[in-house]
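Student: based on what follows, work out the 3D shape:
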Amino acid sequence: MRQFIIFLAKGLAIIIITMILLDVLYTAVFMQSDSRSKIDFLYNSKDKEYDVVFLGSSRVNNHFVPKIFNENGYKTFNFGITRSRLDESALMLKLMIERKYKIKNLILQVDLNINTNDHSEAIRSLFMPYIHQSEIIRNHYKNIDEYPKLLYIPFYRYMNYDARIGFREAYNSAIHKKTNALSLDGFNPLTKNVRPLVPADLSKYSPKRNKSYDEIKKLCQENNINLIAITTPICMSTINREYFDQIKLVYPEIRSFENAVTDDKYFATCGHMNKDGAIEFTKVVFNAYFKPKKVN
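Tutor: Here you go, the predicted structure:
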C-alpha cells in the first residue's frame, strides 16, 4: 500500500511539473507574438498615437476602412474583432490606456451588442495568455466564476480554451505565422455576397443599459478621448428595425447610422456590408465628423 501511495504521489508530481512547464512555455510564446491577432498586437505594443481608433464587433471589423481616414491625414486603426462584445471592447480600451496610447477619437459601434451585458467566450480566451502578467486583465476578470482556476491552476487556461490558444495557435505564434487580422490597418473586407439576402430578425433583441458601454464612456472622459458612439448599417429588409429607435431611448447620445447605406448591392449578408459598402459607409462617417487635413 505504501509503495502504491508513493507511486501515485510521484505520478501526481510529474503531472503538476509538466503542467507548470507547459504553462511557462506557452506563455513565453504568446508574450513574443504580435502578428496573429489584434489582441496580441495590442498587448505587445505601447506608446502608439492615433487620431482615430475603431472598436466593436464584426460590424466594425468588416465596416470601417482606415485607408480613407489615412488618405485624409488621419492616423487610424481598426481594432474591431469579429464575435467580440462591448465587454471585450472595454478591456481593449483599458489596455490601450495602460500602454500609454494617445487616442484623440474613438469610434465605437453600439447597436446589436448593446442588448446584452454578456461576454464573448471565444474572444475572452485570447486575453488568457496574459492574465498572470497583466493586472488590468486580472481585475477585469476577477469576478467571473472561472477566475481562480484560470489564475491558479497551471496550464488550465490553455486546456480550457484549447480551440483558440491551444497547441496549434501556440505553434503558429512560435513560428511567427501571420494572419490577415492586421492587414489593411485592421480592416477585413467581405468579398462574397450571399444572395438572396436573408432578413435579419431583431424581434428578440431589446436594448438595455450596458455596464461595459458606461465604462467605456467613463474611460474616454477621464482620458480626454472624444467618443463617437454610432449604430452601423443593416439591410432594409431587417425585421423589427424599430430596435434602433429603442437604442436612442436608452442612450440618446448614440448617433444613428443604420440607414447610412441602404442598397442591397452593398451588403454581403443582411447584417454585414461588403467591401464596397464599407467604403461608402466609411466615407459617410468621415464626412459627418471630420475634414481633410492639409498634408504638406
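Student: what is the neighbour count of the closest residue to K291 other than its chain neighbours?
Tutor: Counting by CB to CB, 6 or more residues apart in numbering, the nearest residue to K291 once its immediate chain neighbours are dropped is N72, at 8.0 Å. In short, each C-beta sits where N, CA and C put it, glycine included. Other residues near N72 come to 16 when the count uses other CB atoms under 10 Å.
Student: ok, now T191?
Tutor: Counted with other CB under 10 Å, T191 comes out at 8.
Student: give the contact list for it.
Tutor: For T191, the contact set (CB atoms under 8 Å, 6 or more residues apart in numbering) comprises A268, N274, K275.
Student: re earlier: what about the residue nearest to K291, distance to E49?
Tutor: Here the criterion is CB to CB, to the nearest Å. By it, N72 lies 17 Å from E49.
Student: is the residue nearest to K291 in contact with Y289, as I believe?
Tutor: No - contact status for N72 versus Y289: not in contact, 11.7 Å apart, counting by CB atoms under 8 Å.
Student: would you mind finding the longest helix in this protein?
Tutor: Longest among the helix segments of the chain by residue count, using DSSP state H, is helix 2-31.
Student: mean confidence score for the helix or strand following that helix?
Tutor: Sequence order places helix 38-43 as the next helix or strand after helix 2-31, per DSSP states H and E. Mean pLDDT, computed over helix 38-43, is 96.
Student: contacts only, for N210.
Tutor: Per CB under 8 Å, 6+ apart, neighbours of N210: L86, V110, N113, I114, T116, N117.
Student: what's the pLDDT at the last one?
Tutor: As summarised for this prediction, N117 has a pLDDT of 92.
Student: any idea how far it lies from L106?
Tutor: 20 Å.
Student: show me where the stretch 51-200 of the chain has helices.
Tutor: 58-61, 66-70, 86-98, 121-124, 135-141, 147-152, 156-160, 162-165, 167-174 (DSSP state H, counting those that start in this stretch).
Student: show me the contacts for the spatially most central residue of the chain.
Tutor: The residue lying closest to the centre of the chain (CA atoms, centre = their mean) is I81, at 3.7 Å. Each residue near I81 by CB under 8 Å, 6+ apart is listed here: S37, K38, I39, S57, S58, N61, E88, I123.
Student: same thing but at 7 Å, please
Tutor: K38, S57, N61, E88, I123 (CB atoms under 7 Å, 6 or more residues apart in numbering).
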